[in-house]
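Asker: coords please:
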Amino acid sequence: MTGTLIGYARCSTDKQDLTAQRHALAELGVSADRIYTDHGLTGTSRDRPGLAQALAAVRAGDTLVAPKLDRLARSVPDARAIAEELEKRGVALALGRQIHDPSDPMGKMFFNILATFAEFEADLIRMRTREGMKVAKAKGKLKGKPPKLTDRQQRHLHQLHEGGEHSISELSELFSVSRPTVYRTIQRMASKLASGQ
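Answerer: Take a look at the predicted model:
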């Protein structure tokens, strides 16, 4: 690895820990003050502050180091775009101990295979999450967010709205909720009253 080593680590959820990735980067020679991280952010999005900082920190002749490709990107287009951007800027890309060489056909193919697997894994996680939510919903365990206002507060809000003396903005401020919540509450209470509940 050449030039300054800039490290990047990422985990998708707040419950995950970056310690293992930081340790792996340290073993690869990246100093702790040159490791940029994203915590609780998915790799399917390029909109990550830690990644932006890492990309801004590298200069021609430096090496951007990620423990694995799926930490850097979870989609084939993103992985390719990052690799191409680094290549144009004269920055090397290291995935673990493996330096990505875009001029080597075998290396390029291997990189694309890794990117495809990272994207496939992300798709599987999304699919399992959706299936899990469907099962939970069917069992009655997934009921959505509880209302922000109690039944009594909802009735009071509706009465004030029916009185016509308060605007939606005033009701929003009065009950410390967003305008959409005020609208939903009014609709919910109108439906309840219409059905005689």
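
Asker: going forward, measure contacts and count neighbours with C-alpha atoms only.
Answerer: Noted.

Asker: State which strand of the chain is the longest.
Answerer: Counting by DSSP state E, the longest strand found in the chain is strand 5-11.

Asker: And the contacts of that one?
Answerer: With contact meaning CA atoms under 8 Å, 6 or more residues apart in numbering, strand 5-11 is reached by 17-18, 21-22, 25, 29-31, 34-43, 50-51, 54, 57-58, 62-67, 71-72.

Asker: swap in stretch 167-186?
Answerer: 148, 154, 157-158, 161.

Asker: helices and strands around the one helix or strand in the chain whose mean pLDDT sits lowest, which ones?
Answerer: Sorting the helices and strands of the chain by mean pLDDT, DSSP states H and E puts helix 105-138 at the bottom, at a mean of 78. In terms of contacts (3 or more CA pairs under 8 Å, 6 or more residues apart in numbering; DSSP states H and E), helix 105-138 is packed against helix 69-72, helix 76-88, strand 98-100.

Asker: Which neighbouring elements make contact with the shortest one?
Answerer: Strand 98-100 makes packing contacts with strand 92-95, helix 105-138 when contacts are defined by 3+ CA pairs under 8 Å, 6+ apart.

Asker: can I get the ones you listed in TSV with mean neighbour count and distance to S176?
Answerer: Conversion of the helices and strands packed on strand 98-100 to TSV gives the following (neighbours: other CA atoms under 10 Å; distance: least, CA to CA, whole Å):
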stretch	mean neighbour count	distance to S176
strand 92-95	22	48
helix 105-138	15	29
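
Asker: quick one on the thing from earlier: out of the helices and strands packed on helix 105-138, nearest to T129?
Answerer: Comparison of those against T129 by CA to CA identifies helix 69-72 as nearest, at 18.7 Å.

Asker: Next secondary structure after the helix or strand hosting R152?
Answerer: Using DSSP states H and E, the secondary-structure element containing R152 is helix 151-163. Scanning forward in sequence from helix 151-163 by DSSP H and E, the next helix or strand is helix 168-174.

Asker: who's in contact with the closest residue to L41 other than its chain neighbours?
Answerer: Of all residues not flanking L41 in the chain, S12 sits nearest, at 4.7 Å (CA to CA, 6 or more residues apart in numbering). Residues touching S12, when contacts are defined by CA under 8 Å, 6+ apart, comprise 39-43.

Asker: That'll do, ta.
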